[in-house]
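A.B. asks: turn this into a structure:
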Amino acid sequence: MADFDITGNMLIKSLKEDFKKEFGGTLRVYDGRSLANDNDTVGSVAKKTIKRGSEVRANSNLLVRTFEKSLKDSYGIRVEVATSDNSKLADDNCRLRDLK
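C.D. replies: Here you go, the predicted structure:
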C-alpha cells in the first residue's frame, strides 16, 4: 500500500474520508476537547505551527498508537482511531491494515 499523506491545507473531512478509504477505520479528529469541524483544515486545528511543505505519512504497517502519536507530536492534533462503524476505539496495538 502507498503512504497516506497528511498536509496542513487538507480539510478535516478529506482527511477522515481518505483515512477510511485507505485503512477502513474511522478517524476521530479533535480540536481541543471537541470533535473538529469537517470544514476546518488540519493547519487550523493544529496546536503547533506546521511548516510549509511538511507532511505526516502513514502506511498500513504502522501501529494505531504510533499513528496517533505521530499526529500529536508533529501537528499537536489529537486523533483517535476507531472501528469502521465508529462504535468503539481501535486497539492501540493493531496495525492500520488490520482495521479493514
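
A.B. asks: which residues does Phe19 contact?
C.D. replies: By C-beta atoms under 8 Å, 6 or more residues apart in numbering, the contact list for Phe19 reads 4, 25-27. Just so you know, the C-beta spots here come from the backbone N, C-alpha and C atoms, and that holds for glycine as well.

A.B. asks: following the helix or strand bottoming out on mean pLDDT in the chain, which helix or strand comes up?
C.D. replies: Sorting the helices and strands of the chain by mean pLDDT, DSSP states H and E puts strand 55-58 at the bottom, at a mean of 79. Downstream of strand 55-58, the first helix or strand assigned by DSSP states H and E is helix 64-75.

A.B. asks: which elements pack onto that following helix?
C.D. replies: Contact partners of helix 64-75 among helices and strands, from 3 or more C-beta pairs under 8 Å, 6 or more residues apart in numbering; DSSP states H and E: strand 55-58, strand 78-82.

A.B. asks: contacts for the longest one, please.
C.D. replies: Spelled out, it's strand 78-82. Residues outside strand 78-82 that contact it (C-beta under 8 Å, 6+ apart): 25-30, 64, 67-68, 71-72, 88-90, 96, 99.

A.B. asks: with the first one instead?
C.D. replies: Residues outside strand 55-58 that contact it (C-beta under 8 Å, 6+ apart) are 3-7, 67, 70-71, 74-75, 96.
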